[in-house]
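# Need the 3D shape of this:
(one chain, ligands or ions: 2)
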Amino acid sequence: MFIVLEGIDGTGKSTQTRMLAEWLREQGREVVTSREPTDGPWGKKLRESASTGRLSPEDELEYFLKDRRQHVDELIRPSLDAGKVVILDRYYFSTMAYQGARGFDPAEIRRRNEEFAPVPDHLLILDLDVDSAIERIGGRGDTTNEFEKRDALQKCRDIFLSLTDEPFVHVIDTHGDLDEVQQQIQEAISGTV
Ligand SMILES: Nc1ncnc2c1ncn2[C@@H]1O[C@H](COP(=O)(O)OP(=O)(O)OP(=O)(O)O)[C@@H](O)[C@H]1O
Ligand SMILES: Cc1cn([C@H]2C[C@H](O)[C@@H](COP(=O)(O)O)O2)c(=O)[nH]c1=O
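Ligands and ions are numbered 1, 2, ... in the order given. Here you go, the predicted model:
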């Protein structure tokens, strides 16, 4: 069972990943959680670039693909093959959204990823309006101005919401409190895990 949580910054992906893992472990499931960018060499370079200066759009896309290839080979496929539940905080849908917002074609990004990356059983898109998301993440040392940040996040949100007409995709409204959001997530996957 492979579950991915996606959404713009501040929608609660990390918090809900932890809560979902805890719920599944209580039911006796063996659960592996992970995130992208990873803590591997490519992921580290990507995280560093948030403070040292953003990479060119082309390099950034290539680094995300390299990071993901390693993640798939070293953690995702082996864990799924061993029968574990894998829960990811971000995956290639983030590349479609964020690198799509930087000018790449989201459909082409998806095609390149699905050449090597398994499609999840459930894609949970945590949705929140951009103003509330910015309020939740606060300043976070971001150097981009408010307008750029809002504009970029709106483009990302639009791309995430364009993914919704497939049966494995669930949009989760995250305007409610943490427990309400977790309840929606559990209902979305119930009967399949
Ligand atoms: N439903 C919610 N209601 C109120 N606050 C929330 C809710 N979900 C998350 N938060 C708060 O918003 C902040 C961001 O949450 P979290 O780190 O889980 O989001 P995220 O989507 O993983 O963010 P990012 O993508 O930027 O890492 C945290 O302070 C968290 O406590
Ligand atoms: C996987 C992935 C991530 N990103 C961006 C999205 C966020 O701004 C950061 C990760 O930050 P987080 O708060 O730790 O989730 O990376 C991206 O642009 N493209 C991707 O494929």
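# got a list of what the residue positioned nearest the centre of the chain touches?
In the chain, the centroid-proximal residue (Cα atoms, centre = their mean) is Arg90; its distance is 1.9 Å. Listed by Cβ atoms under 8 Å, 6 or more residues apart in numbering, the contact set of Arg90 reads 4-6, 13, 35-37. Bear in mind the C-beta positions are built from the backbone N, C-alpha and C, glycine included.
# again, but for His170
122-125, 185, 188-189.
# Distance check, Glu48 against ligand 2.
Remark: distance between Glu48 and ligand 2 (Cβ to the nearest ligand atom, to the nearest Å) = 12 Å.
# sorry, that was for Leu163
From Leu163 to ligand 2 the distance is 14 Å (Cβ to the nearest ligand atom).
# so which strand or helix has that residue?
Under the criterion DSSP states H and E, no helix or strand holds Leu163.
# ok, it touching Leu124?
No - checked against Cβ atoms under 8 Å, the pair Leu163 and Leu124 is beyond contact range at 11.3 Å.
# Neighbour count: the two, which is higher?
Remark: of Leu163 and Leu124, Leu124 carries more neighbours, 26 against 18, as counted by other Cβ atoms under 10 Å.
# what sits up against the one helix or strand the more buried one maps to?
Taking DSSP H and E as the definition, one finds Leu124 inside strand 122-127. With contact meaning Cβ under 8 Å, 6+ apart, strand 122-127 is reached by 1-7, 11-13, 16, 93, 157, 160-161, 163-164, 166, 168-174, 181, 185, 188-189, 192.
# taking those residues one by one, which sit in strands?
Judged by DSSP state E, strands contain the following of these: 2-6, 169-173.
# Going by residue numbers, what spans are helices in this structure?
Secondary structure of the chain (DSSP state H): helices at 13-26, 41-52, 57-71, 77-81, 92-94, 100-101, 106-114, 130-137, 146-161, 178-189.
# Tabulate these in JSON lines, adding columns for mean pLDDT.
Formatted as JSON lines, the helices of the chain follow (pLDDT from 0 to 100):
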{"stretch": "helix 13-26", "mean pLDDT": "98"}
{"stretch": "helix 41-52", "mean pLDDT": "95"}
{"stretch": "helix 57-71", "mean pLDDT": "98"}
{"stretch": "helix 77-81", "mean pLDDT": "98"}
{"stretch": "helix 92-94", "mean pLDDT": "98"}
{"stretch": "helix 100-101", "mean pLDDT": "98"}
{"stretch": "helix 106-114", "mean pLDDT": "98"}
{"stretch": "helix 130-137", "mean pLDDT": "94"}
{"stretch": "helix 146-161", "mean pLDDT": "92"}
{"stretch": "helix 178-189", "mean pLDDT": "98"}
